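In: below are the sequence and a predicted model for it; my questions follow.
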Amino acid sequence: MDSVLPPGAADTFARARRVVVFTGAGMSAESGVPTFRDDLTGLWARFDAHRLATPEAFDDDPDLVWGWYEWRRARVRKAQPNAGHAAVAAIEAARPGTVVVTQNVDDLHERAGSRAPIHLHGSLFAPRCLAGHPADPPPDDADADLDDGRRMSPPRCTRCGALVRPGVVWFGEALPEAALAAAYEAATTCDVLLTVGTSGVVYPAAEIPRVAARAGATVIQINPEPTPLDAVCAINIRASAAQALPALAITLGD
């Protein structure tokens, strides 16, 4: 399994004591979760993803936007964590204090056993009302994964009566302050940061590996393709998350 690791990667990671795992869309792609821009298929293909992912779109047509996000949530529920997600949970078990920071809005880290990943872009499974009150996700709908472009009325908040919206960060919105602050704090205090399956171009999240490098951490990138983070990383592993993460996790031993 360690053949996917370049020289020095296993030894460097085995010495890590304070680890941050920073994940992007490539982490979940191997579970069959399409990227945001690829998640417009069937009748949904007639829409522009950017026009469905703004506060203005929800104000204009909440049924349309809620319907698309519920369809996406139903698709994610059918996906399963892959070997990379399981390896991240194993790293957390071997190195208590490991911090998982994700740009993904799915729950695959949690389902694989990660305790409390920091969600920079929110979550499909943490809706909230327009006043900010947390809400429970609706019951899973067996028909919600159909490519029918259907509209669904969002529920109302049980506390204030406001419409419930998807718990994700839309275009034009700031990242959650507490999540971003926690991610930056983790990046400045770790000795190794793994950046996995992220393009390194979506800011401010893309700054996190750079913060770690400036603070003196060793940054290890796992991505089959080159990214703008290549120059920041001490080690670049040209492999998928499901290939490389188990190979790194096993170096930590019992």
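Out: Thanks, I have the structure now.
In: so which bits of stretch 87-104 are buried?
Out: 87-92, 94-95, 98-104 (16 or more other Cβ atoms under 10 Å). Placement of C-beta: from N, CA and C, glycine included.
In: off-centre distance for that stretch?
Out: 13 Å (Cα atoms, centre = their mean, to the nearest Å).
In: average pLDDT across it?
Out: Per-region confidence: stretch 87-104 scores 97 on mean pLDDT.
In: what's the neighbour count on residue 134?
Out: 12 (other Cβ atoms under 10 Å).
In: dihedrals phi and psi, the nearest residue to it once chain neighbours are set aside?
Out: Counting by Cβ to Cβ, 6 or more residues apart in numbering, residue 134 lies nearest to residue 128, which is 5.3 Å off, once chain neighbours are set aside. Main-chain dihedrals, residue 128, degrees, to the nearest 10: phi -150, psi 160.
In: wait, doesn't residue 128 sit right on residue 163?
Out: No. Counting by Cβ atoms under 8 Å, residue 128 sits too far from residue 163 to count as a contact (10.4 Å).
In: how close does residue 136 get to residue 58?
Out: Remark: distance between residue 136 and residue 58 (Cβ to Cβ, to the nearest Å) = 19 Å.
In: what about the two, which has more around it?
Out: residue 58 (21 against 11).
In: bridged to residue 122, which residues?
Out: Beta-bridge partners of residue 122, counted by DSSP bridges, are residue 168.
In: what's around it, how many residues?
Out: Residue 122 has 19 nearby residues by other Cβ under 10 Å.
In: wait, doesn't it sit right on residue 167?
Out: Yes. In terms of Cβ under 8 Å, residue 122 counts as a neighbour of residue 167; the distance is 4.8 Å.
In: for the nearest residue to residue 160 once chain neighbours are set aside, give me its contacts.
Out: In space, and not counting its chain neighbours, residue 160 is closest to residue 131: 5.1 Å by Cβ to Cβ, 6+ apart. Residue 131 makes contact with 157, 159-160, 162, according to Cβ atoms under 8 Å, 6 or more residues apart in numbering.
In: which parts of the top helix by length along the chain are buried?
Out: The residue-count maximum for a helix in the chain (DSSP state H) belongs to helix 62-78. Using 16+ other Cβ under 10 Å as the test for burial, helix 62-78 gives 62, 64-77.
In: which segments of this protein make up each domain?
Out: 1-33+81-126+174-254, 34-78+128-165 (automatic domain parsing).
In: run the chain-centre distance for the lowest-mean-pLDDT helix or strand in the chain.
Out: Ranked by mean pLDDT, DSSP states H and E, the helix or strand of the chain with the weakest confidence is helix 49-52, at a mean of 76. For helix 49-52, the separation from the chain centroid amounts to 19 Å (computed by Cα atoms, centre = their mean).
In: tell me the contacts of residue 180?
Out: 120, 204.
In: same deal with the one 5 residues further on?
Out: Going by Cβ under 8 Å, 6+ apart, residue 185 touches no other residue.
In: please apply the same query to residue 177.
Out: Neighbours of residue 177 in contact, by Cβ under 8 Å, 6+ apart: none.
In: what's the distance between it and residue 53?
Out: 20 Å.
In: now do residue 157
Out: 21 Å.
In: swap in residue 234?
Out: 35 Å.
In: neighbour count for the two, which is higher?
Out: Using other Cβ under 10 Å as the criterion, residue 234 and residue 53 rank with residue 53 on top: 20 against 15.
In: pretty sure the more buried one sits against residue 169.
Out: No. At 9.0 Å, residue 53 does not count as touching residue 169 under the criterion of Cβ under 8 Å.
In: much appreciated, bye for now.
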